[in-house]
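> I need the structure of the sequence given here:
(2 chains)
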Amino acid sequence: MAPVIELGPGAEENGFALMMSDLIRQNLEDHPHKVRDFDRLRGRVAIVVEDAAVAVTMLFEAGKLTVHSGIVGIPDLTIRAPSDDVMQMSLVELTPRLQLPDLRGEVTRQVMQASRQGRIRMYGLLGNVPLVVRLTRVMSIN
Amino acid sequence: MAHKFPSKEWTDAYKDAVNGNEAYRVAGKEWTHGAVAMVVKADRSLGIEVDTGMILDVDSGSCHGTEFVHGLEACDGAPFIILAPYAQWKEVIQGGVDPIKAMMQGRLKLTKGHLPTMLRYVESSRQLVVSASRVPTEFLD
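Have a look, this model is predicted:
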């Protein structure tokens, strides 16, 4: 079944929600192997872009994504970061075989450093490692 | 001499500003994805009767030409179209806007184009904005 990506009510007014839905849709078109991860993604992920004062909640339901404006429901995973770092997360290099963040990659190292320095904060990471791994694959343009 | 924005003269001066920006030459070196159109939404209160586009034929770190056009359909040939009201473009030209942050906030809208490509060359987009801020500009308001 083709991936379903929708905007929640009012999300068409949220630029970041439009960007996330376009980014993931175009990523899945460019890299069809990512559809497998998309189909297995289940969970609610909130991303708060602190310096832009915008947030989205992405509700993944195994093959369907609804991008909501703002925080909707109780997220399994919440990511808070400035706009530069949020966009860097979409550029993370992945290892060829396992499609995990490649620590040899320049952007991956920058993202790890931003996490260590507290610029990127993830809440709910420990209990949702598979969600984070699949989200990283689906969000990365690499 | 300041150029009225938006106008053909401003668009021509923008080309010179892009080509005079060494940081753009470096950041845009690998950009081979086609022209970028910046479109100002129609605003009759300012005398902008129809959507007005400035098309930058950018490739490999240089701007090879520009077009000043009227009507969104005149921009159809550009693979990337960014649309915003006059006030947002004014902020961009005044240098206070990060293009990606402005897109997240819905102040600039990528109405056509491949977003992952845009993100991959984000520094190139930033340098286009820096170049715009270097054009001597006379605003309509």
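> taking chain B, what residue is nearest to chain A?
Relative to chain A, the nearest point of chain B is residue B:106 (3.1 Å; Cβ to the nearest Cβ). C-betas here are computed from N, CA, C, even on glycine.
> and that residue, how many residues sit next to it?
20 (other Cβ atoms under 10 Å in any protein chain shown).
> doesn't residue A:11 make contact with it?
No. Residue B:106 is not in contact with residue A:11 according to Cβ atoms under 8 Å; the separation is 10.5 Å.
> the residue at minimal distance from the centre of chain B pairs with what?
Nearest residue to the geometric centre of chain B (Cα atoms, centre = their mean): residue B:38, 4.0 Å. Beta-bridge partners for residue B:38, by DSSP bridges, are residue B:54, residue B:82.
> do you know how far it is from residue B:127?
If you measure residue B:38 against residue B:127 using Cβ to Cβ, to the nearest Å, the figure is 14 Å.
> cool, and residue B:6?
Noted for residue B:6: a distance of 20 Å to residue B:127, by Cβ to Cβ.
> one more: residue B:79?
The spacing between residue B:79 and residue B:127, counted by Cβ to Cβ, is 19 Å.
> those two: which has the busier surroundings?
For residue B:79 and residue B:127, the more surrounded residue by other Cβ under 10 Å is residue B:127, and the numbers stand at 22 against 13.
> residue A:130: neighbour count?
12.
> could you check which helix or strand contains it?
Per DSSP states H and E, residue A:130 falls inside helix A:129-139.
> check the offset of the helix or strand harbouring residue B:66 from the chain's centre.
Following DSSP H and E, one finds residue B:66 within strand B:62-70. Chain-centre distance of strand B:62-70: 10 Å, with Cα atoms, centre = their mean, to the nearest Å.
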